[in-house]
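**Student:** coords below, sequence missing:
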């Protein structure tokens, strides 16, 4: 999956979580993996990191994995 935003902040975090969690739940149910491509994201706030943390905790508890790709060197 690929977030269609440049800034992952409080304005988009809730919709991103709503989009992400069904993929996370489906992957965890079969021991699979969700790949998140952050190549278009330039900024992640603490609220955006919280969404990733919730998803990561869910997958660890239920047998799935999350892989994050495309992080730029200037991600702030």
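**Tutor:** Nice, thanks for sending it over. Just so you know, these numbers come straight off a predicted model, no measurement behind them. Numbers count the residues shown, from 1 in each chain.
**Student:** so where's this structure shaky on pLDDT?
**Tutor:** 74-76 (pLDDT under 70).
**Student:** if you go through it in chain order, where are the helices?
**Tutor:** Listed from the start of the chain, the chain has helices (DSSP state H) covering 13-29, 46-62.
**Student:** so can I have CSV of these showing mean neighbour count and distance to residue 69?
**Tutor:** (Each C-beta comes from the backbone N, C-alpha and C, glycine too.) Below are the helices of the chain laid out as CSV (neighbours: other C-beta atoms under 10 Å; distance: least, C-beta to C-beta, whole Å):
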stretch, mean neighbour count, distance to residue 69
helix 13-29, 16, 15
helix 46-62, 15, 13
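**Student:** Reformat those helices as CSV; add distance to residue 39.
**Tutor:** CSV is the format used below for these (distance: least, C-beta to C-beta, whole Å):
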stretch, distance to residue 39
helix 13-29, 15
helix 46-62, 15
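**Student:** So for residue 1, which of the ones you listed sits nearest?
**Tutor:** helix 13-29 (5.8 Å; C-beta to C-beta).
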